[in-house]
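**Student:** With the sequence up front, the predicted model follows.
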Amino acid sequence: MAERRRKFWGWGYEDQGPNLEQKQHLAARMAKRFGLGTLELTPPPAESELKLRAPRVSAPDSLADICVSSAYERVLHSYGRDFRDLVRIFRRDFSNPFDVVAYPRDEADVVRVLEWCDGAKLAAVPFGGGSSVVGGVEPPARGDYRGAVSIDLSRLGKVLEVDKLSRAARIQAGVLGPALDEQLRPYGYTIRHFPQSFEFSSLGGWIATRSGGHFATNYTHIDDFVESLRIVTPTGIIESRRLPGSGAGPSPDRMFIGSEGILGVITEAWMRLQDRPKFRAGASVTFKDIFAAAEAVRVIAQAALFPANCRVLDPGEALNSGAGNGEEAVMVLAFESADHPLDAWIARAAEICKAYGGKVPDDAIKTRTEADATHGGAAGAWRNAFLNAPYLMDTVAALGMVSNTFETAITWDRFADFHRQMTQCATQAVKRVCGKGSVTCRFTHVYPDGPAPYYTILASGRRGSEIEQWDEIKAEISDLLIKLGGTITHHHAVGRYHRPWYDRQRPEGFARALRAAKRELDPHAILNPGVLIDP
Ligand SMILES: Cc1cc2nc3c(=O)[nH]c(=O)nc-3n(C[C@H](O)[C@H](O)[C@H](O)COP(=O)(O)OP(=O)(O)OC[C@H]3O[C@@H](n4cnc5c(N)ncnc54)[C@H](O)[C@@H]3O)c2cc1C
């Protein structure tokens with residue numbers, strides 16, 4: 001049977017995603033929404049259109065059995081899944097592909113691949129699921145490298161050991177979300193870290209990018225689940241101790257969590273696990289606007305109720321996901337537990353929402369067991385839209401729209417002014433650069449000291465200039481975001497796309513220390529050049 005292949009031009013496997021009729025339906029909806037004429041769909045590139053430069057290097061004989069250089073493999077690994085990536089793919093711009101893709105079978109292979117790259121002056125870029133939205137997995141465009149090798153970790157896909165007493169597991173870094181959860185299921189455990197990209201992102205990628213998952217409060221980032229790490233660097237293997245906590249100096253794990261492939265290849269991690277939830281309680285609460293909802297969310301976060309979900313959708317975002325009528329903001333609130341009913345928690349959260357003008361449906365204050373849990377109503381609509389969205393991204397790009405997101409975090413004392421200014425700036429930039437479009441916002445995560453607002457821009461593009469239009473909008477909003485004290489990313493990582501603003505956000509002394517760590521671990525600067533720092 002033929003192997004199921006990933007699309008090199010979009011999200012998912014080749015047999016997944018909308019059919020032509022569904023794409024045309026989306027085109028008609030988009031045209032109607034923004035008052036545009038007929039939107040033409042550019043077809044995705046066929047494999048026969050992949051005319052690439054010849055590989056500049058080939059793998060040595062000793063690595064030939066784990067290396068490939070087909071056009072499909074080279075292109076699949078040369079782009080992440082951001083709007084800029086999709087537009088370049090639909091433009092048939094394959095001007096800077098990897099030369100070789102390596103598929104190590106074990107850690108020893110990772111060591112051998114890095115030795116080859118180090119000795120031959122080849123850029124080496126770790127690849128997990130390839131879902132980067134910040135230009136994190138592509139070959140460097142500059143530098144005196146003799147070639148570039150993508151290191152695909154998908155063969156390192158196993159749960160190796162489960163410690164039931166400590167509720168932790170030793171897991172290989174290349175495993176994708178669904179395969180990881182399947183391997184933990186027989187033990188009654190789950191990783192319970194569900195980024196929207198869960199289906200096609202890996203444990204190593206989550207750790208390397210400090211991804212943000214399913215929990216809207218408390219355990220927001222992957223950092224909270226990492227117990228220890230094992231990393232292959234060009235100068236040797238580093239492994240940290242398994243500990244539930246430690247005050248022994250700066251944390252070695254913290255140096256590699258978020259290192260985006262520039263310091264080493266994460267091959268394994270001991271991860272803290274969760275029991276599979278049995279009890280759930282949830283509600284969709286409506287508020288007059290995002291500011292009223294934000295007040296309620298702040299109080300819920302500061303009351304240490306720790307809801308698993310506490311997402312606030314502004315009226316536009318609620319309308320787009322089918323969770324609201326476009327007039328009101330919606331808070332999608334959910335508690336979950338493997339241990340106890342949640343009536344007291346949802347009741348207290350509902351009380352707080354009401355105190356801030358929230359309208360709470362009567363059936364909200366009730367725990368359901370996993371078996372009765374349905375995903376209906378506004379929360380269900382939001383969930384379905386959330387899970388479907390990745391499959392529509394390439395169609396939106398194929399229609400010539402400008403569509404992207406920016407996400408950040410800010411303390412509560414600055415939130416209201418920050419949100420007003422960011423929305424105004426983004427709306428004006430969209431109007432000036434694109435003419436017609438929308439800017440919407442939701443909170444993906446909330447903390448006792450502030451929210452993580454996530455903005456979505458959808459606008460009509462000019463064929464052939466969509467990337468340039470987005471870059472102009474992005475520069476304007478990113479400049480303001482940094483000026484107002486936000487972070488250039490809350491969970492999407494820095495990669496190459498956020499570099500100019502990350503450089504301004506990061507303290508200079510820290511930049512020097514990071515460069516020194518890079519020199520020590522990767523003296524020939526082969527690992528992911530241009531990401532986070534200049535080599
Ligand atoms: C539709 C969509 C939805 C998304 N939703 C979320 C979300 O909800 N939350 C979130 O945080 N992010 C999200 N992202 C961004 C992306 O999925 C995350 O950054 C994710 O953690 C990347 O994992 P990956 O395995 O795909 O990594 P890749 O894209 O393969 O790599 C990302 C970076 O990590 C490095 N890397 C990968 N594996 C390793 C390793 N083993 N060792 C060292 N370095 C490594 C790469 O070199 C690269 O710099 C989304 C992206 C898309 C396209």
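**Tutor:** Now that the structure is in, tell me what you want to look at.

**Student:** so residue 458, which of the three states?
**Tutor:** Per DSSP: H, G, I helix; E, B strand; the rest coil, the secondary structure class of residue 458 is strand.

**Student:** Spell out which residues sit in contact with it, please.
**Tutor:** Counting by Cβ atoms under 8 Å, 6 or more residues apart in numbering, residue 458 makes contact with 396, 401-403, 437-438. Yep, even glycine has a C-beta here, placed from its N, CA and C like the rest.

**Student:** For the ligand, give me its nearest residue in the stretch 301-450 of the chain.
**Tutor:** residue 390 (3.6 Å; Cβ to the nearest ligand atom).

**Student:** And the lowest-mean-pLDDT helix or strand in the chain, what does it pack against?
**Tutor:** Least confident helix or strand of the chain, by mean pLDDT, DSSP states H and E, is strand 368-369 with a mean of 75. With contacts taken as 3 or more Cβ pairs under 8 Å, 6 or more residues apart in numbering; DSSP states H and E, strand 368-369 sits against strand 279-287.

**Student:** helix or strand right after the strand it packs on?
**Tutor:** Using DSSP states H and E, the helix or strand that follows strand 279-287 towards the C-terminus is helix 290-302.

**Student:** contacting residues around that following helix?
**Tutor:** 217, 285, 287, 307, 310, 312, 314-315, 329-331, 333, 349, 352-353, 355-358, 412, 415-416, 419, 441, 443, 446-448, 451.

**Student:** rewinding a little: so the residue of the stretch 301-450 of the chain closest to the ligand: helix, strand or coil?
**Tutor:** helix.

**Student:** residues near it, how many?
**Tutor:** Neighbours of residue 390 under the rule other Cβ atoms under 10 Å: 19.

**Student:** Could you tell me which strands sit next to the least confident helix or strand of the chain in the sheet, and their orientation?
**Tutor:** Next to strand 368-369 in the sheet, as set by DSSP bridges, lie strand 279-287 (antiparallel).

**Student:** any idea how far the partner strand is from the chain center?
**Tutor:** Taking Cα atoms, centre = their mean, to the nearest Å, the mean C-alpha location of strand 279-287 is offset from the chain mean by 25 Å.

**Student:** same check, this time on stretch 524-535
**Tutor:** On Cα atoms, centre = their mean, the centre of stretch 524-535 falls 21 Å from that of its chain.

**Student:** List the residues that contact residue 381.
**Tutor:** 321-323.

**Student:** Make sure it is indeed in a helix.
**Tutor:** Yes: according to three-state DSSP, residue 381 belongs to a helix.

**Student:** roughly how far apart are residue 18 and residue 388?
**Tutor:** To residue 388, residue 18 is 9 Å away according to Cβ to Cβ, to the nearest Å.

**Student:** of these two, who's got more company?
**Tutor:** Neighbours were counted for residue 18 and for residue 388 using other Cβ under 10 Å; residue 18 has more, 15 against 12.

**Student:** Kindly provide the distance from the more buried one to residue 250.
**Tutor:** For residue 18, the distance to residue 250 equals 48 Å [Cβ to Cβ].

**Student:** what do you get for residue 288?
**Tutor:** Distance from residue 288 to residue 250, by Cβ to Cβ: 46 Å.

**Student:** Assess the claim that residue 307 and residue 334 are in contact.
**Tutor:** Yes: using Cβ atoms under 8 Å, residue 307 is in contact with residue 334, at 6.2 Å.

**Student:** dump the residue contacts of the residue lying closest to residue 277 once chain neighbours are set aside.
**Tutor:** Leaving out its chain neighbours, the residue that sits closest to residue 277 by Cβ to Cβ, 6 or more residues apart in numbering is residue 336, at 4.0 Å. Counting by Cβ under 8 Å, 6+ apart, residue 336 makes contact with 277, 279-281, 308, 342.

**Student:** Which one's more surrounded, residue 307 and residue 334?
**Tutor:** Taking other Cβ under 10 Å, residue 307 and residue 334 do not tie; residue 307 has more neighbours (27 against 23).

**Student:** who's in contact with that one?
**Tutor:** Shown in contact with residue 307 (Cβ under 8 Å, 6+ apart): 216-217, 300, 333-335, 345, 349.

**Student:** Max pairwise distance over these: which two?
**Tutor:** Greatest spatial distance in the contacts of residue 307: 216 and 345, 13.8 Å, computed using Cβ to Cβ.

**Student:** The two: who's more crowded?
**Tutor:** It is residue 216, of residue 216 and residue 345, that has more neighbours when counted by other Cβ under 10 Å, with 27 against 22.

**Student:** burial of the nearest residue to the more buried one once chain neighbours are set aside, as a residue count?
**Tutor:** Leaving aside its chain neighbours, residue 216 sits nearest to residue 310 (4.3 Å; criterion: Cβ to Cβ, 6+ apart). By other Cβ under 10 Å, the residues close to residue 310 number 26.

**Student:** how deep is the residue of the stretch 51-200 of the chain found nearest the ligand tucked in, by neighbour count?
**Tutor:** Going by Cβ to the nearest ligand atom, the ligand is nearest to residue 128 of the stretch 51-200 of the chain, at 2.5 Å. Each residue near residue 128 was counted by other Cβ under 10 Å, and the total is 29.

**Student:** That one is in contact with residue 177, isn't it?
**Tutor:** No: in this structure residue 128 lies outside contact range of residue 177 using Cβ under 8 Å: 10.4 Å.

**Student:** Quick check: neighbours shared by those two?
**Tutor:** Common neighbours of residue 128 and residue 177, counting by Cβ under 8 Å, 6+ apart, are 201-202.

**Student:** For the closest residue to residue 485 other than its chain neighbours, what are phi and psi?
**Tutor:** With sequence-adjacent residues excluded and distances taken as Cβ to Cβ, 6+ apart, residue 485 is closest to residue 414, at 6.3 Å. When read as degrees, to the nearest 10, the backbone of residue 414 gives phi -110, psi -10.
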